[in-house]
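> okay, structure incoming, though there's no sequence with it:
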């Protein structure tokens, strides 16, 4: 199973990295840029599919992959080869 | 217009940050984790919609937001008023 986790700073939290990129983009010929927010994107490849896997994954998202005080996470299950993100090598379907 | 940019290390490039997270996850009760790759996720809010905007955005993705030697980027346009942290991955393929 392939899982994608997106961790973003909460809306109320300042994102200085995003602001720096926004200013750089405005400087480099895109004055239309209104805002930029930057987070992390994780592609996790997991063996198996069983039910409690997702619950455990969510636990780890909360405890390890994000800081719930200042970040939100989003967990997306992607079926084997579905999404655009799977430009990478096709993962085998079995397991 | 809201645009999402995902920047990931190329498949052939080592991702030590991802490996560290993989090991940590295995340690913390998820031995099923096979691999983790970590990239950046940017939500960019841009005024306007006109045609050459996307071309310019792609230029900036290449020149500013990613390092094409070791990273791939993916640019997704998301339809008009989708929330910043849209819970669902609504990726409108049509313009």
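Noted; the coordinates are in hand. Here the structure is a predicted model, which means the values were calculated and not measured.
> can the top helix by length along chain A be found next to chain B?
In chain A, assigned by DSSP state H, the helix with the most residues is helix A:16-27. Yes. Counting by C-beta under 8 Å from any C-beta of the partner chain, chain B is contacted by helix A:16-27 at A:18, A:21, A:24, A:25. Just so you know, the C-beta spots here come from the backbone N, C-alpha and C atoms, and that holds for glycine as well.
> can you pull out the strands in chain A?
A:2-9, A:33-46, A:71-78 (DSSP state E).
> now the longest one against strand B:71-78, angle please.
What that stands for is strand A:33-46. 120 degrees (axes from the mean of the first three to the mean of the last three C-alpha atoms, to 10 degrees).
> relative to strand A:2-9, how tilted is the lowest-mean-pLDDT helix or strand in chain A?
Sorting the helices and strands of chain A by mean pLDDT, DSSP states H and E puts helix A:51-60 at the bottom, at a mean of 89. On the basis of the same axes, to 10 degrees, helix A:51-60 is oriented at 20 degrees to strand A:2-9.
> can helix A:51-60 be found next to chain B?
Yes. Counting by C-beta under 8 Å from any C-beta, contacts between helix A:51-60 and chain B involve A:53, A:56, A:57, A:60.
> now a PyMOL select for only the buried ones of these.
Applying 16 or more other C-beta atoms under 10 Å in any protein chain shown to the residues of helix A:51-60 next to chain B, the buried members can be selected in PyMOL as follows:
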select buried, chain A and resi 53+56+57+60
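> closest to residue B:48 among the residues of helix A:51-60 next to chain B?
residue A:57 (38.7 Å; C-beta to C-beta).
> which residues does the closest one contact?
Taking C-beta atoms under 8 Å, 6 or more residues apart in numbering or on different chains, we find residue A:57 in contact with A:3, A:44, A:46, A:75, B:30.
> most widely separated two among the residues you listed?
Between any two of the contacts of residue A:57 (C-beta to C-beta), the greatest distance is 13.2 Å, for A:75 and B:30.
> ok, back up a step: of the contacts of residue A:57, which is the most crowded?
Greatest neighbour count in the contacts of residue A:57, by other C-beta atoms under 10 Å in any protein chain shown, goes to residue A:44: 26 neighbours.
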